[in-house]
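Asks: Kindly generate the corresponding structure for this input.
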Amino acid sequence: MSSQMIIRIDPELKEKVNRFARAEGKTTSDVVRELLEEYISSRDIAAYVDGLWEKIGMRLSAQGATIERIPEILREVRRGRA
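Replies: Got it, this is the predicted structure:
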């Protein structure tokens, strides 16, 4: 279930947001929700770290790494061989 948020903005800014939203076939609420989600995701360090781990995992998998080989791979990286 969603809830309401009431904010105060300059009338000119409100009109511009309304105009751009309509041009994109969106509601003003859609645009504001997208902007807020973007704002949070750009500052959410946990999501950023999770994304890094996912990329690392995909790269290791692509190189044929298995969970059993992780200690060996780490040793190689630390020695500068990887």
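
Asks: I'd like the next helix or strand past the longest helix seen in the chain.
Replies: In the chain, with assignment by DSSP state H, the single longest helix is helix 45-62. Using DSSP states H and E, the helix or strand that follows helix 45-62 in sequence is helix 70-78.

Asks: you'd agree Asn18 is up against Thr28?
Replies: Yes - the pair Asn18 and Thr28 qualifies as a contact (Cβ atoms under 8 Å) at a distance of 5.4 Å. Bear in mind the C-beta positions are built from the backbone N, C-alpha and C, glycine included.

Asks: same for the strand or helix carrying Glu38, what does it pack against?
Replies: Using DSSP H and E, Glu38 sits within helix 28-43. Helices and strands touching helix 28-43, by 3 or more Cβ pairs under 8 Å, 6 or more residues apart in numbering; DSSP states H and E, are helix 11-23.

Asks: who's in contact with the helix it packs on?
Replies: Ile9, Thr27, Thr28, Asp30, Val31, Val32 (Cβ atoms under 8 Å, 6 or more residues apart in numbering).

Asks: Show me how the record splits the protein into domains.
Replies: Under the assignment automatic domain parsing, the domains of the chain span 1-43, 44-82.

Asks: Can you lay out those as JSON lines showing mean pLDDT and mean neighbour count?
Replies: Formatted as JSON lines, the domains of the chain follow (pLDDT from 0 to 100; neighbours: other Cβ atoms under 10 Å):
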{"stretch": "domain 1-43", "mean pLDDT": "94", "mean neighbour count": "10"}
{"stretch": "domain 44-82", "mean pLDDT": "85", "mean neighbour count": "10"}
